[in-house]
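> Structural data only, the sequence is not supplied:
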């Protein structure tokens, strides 16, 4: 007896290819989301350190004129300078391709240092695909610290 050719021969391979494609996209999505979150945490850590350093910076002219009082008097220029120095001295994590102190960094009240850090995330597979289109993933974080004296 000869085998009768079915019209459904080979249909399972199309189903397998589709399932593998969906699985691969799901895995890459989870890897990308996890990597972005880790990059954001590393940028937030850098912003926290820069804000603490900026809150401890002294505006010498203000201190010499009026003393310390309840806390160090901060200036926006001093906060930007201290935050920039802090970022320049830190080792940039591998997940972050570039970082910089962004607009919005300064002091709203002369006592609180607000530091905004913007960075380019390096995400496996996704970053290389975006580079082809001339794009990248930018993450912006903000941290603040106060300069109170107890």
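Yep, that arrived. Note that this is a predicted model, so its numbers are computed, not measured.

> for this protein, what's the longest helix?
helix 11-55 (DSSP state H).

> That one packs against which elements?
Judged by 3 or more Cβ pairs under 8 Å, 6 or more residues apart in numbering; DSSP states H and E, the packing partners of helix 11-55 are helix 76-89, strand 96-101, strand 112-121, helix 126-132, strand 137-146. Using the backbone N, CA and C atoms, a C-beta is placed for each residue, glycine as well.

> list the buried ones in the longest one?
To tie it back to what came earlier, the one meant is helix 76-89. Buried positions in helix 76-89, judged by neighbour count with 16 or more other Cβ atoms under 10 Å: 78-80, 82-84, 86-87.

> And those, which two are furthest apart?
78 and 87 (15.0 Å; Cβ to Cβ).

> Could you tell me which ranges of this protein sit under the pLDDT cut-off?
Residue ranges of the chain with pLDDT under 70: 1-10, 59-71, 127, 130, 133-134, 149-150.

> 90 instead, please
1-15, 25, 28-36, 53-76, 78, 93-98, 108-112, 120-138, 146-150 (pLDDT under 90).

> Nearest to residue 19 among the buried residues of helix 76-89?
Nearest to residue 19 among the buried residues of helix 76-89, with distances taken as Cβ to Cβ, is residue 87, at 45.4 Å.

> Run through the residues that contact that closest one.
46, 50, 99-101, 117 (Cβ atoms under 8 Å, 6 or more residues apart in numbering).

> again, only this time at 10 Å
46-47, 49-50, 53, 99-101, 115, 117, 119 (Cβ atoms under 10 Å, 6 or more residues apart in numbering).

> Now the two most distant members of the residues you listed.
Pairwise over the contacts of residue 87, using Cβ to Cβ, the maximum falls at 53 and 119, 17.5 Å.

> Compare neighbour counts for the two and give me the winner.
residue 119 (26 against 19; other Cβ atoms under 10 Å).
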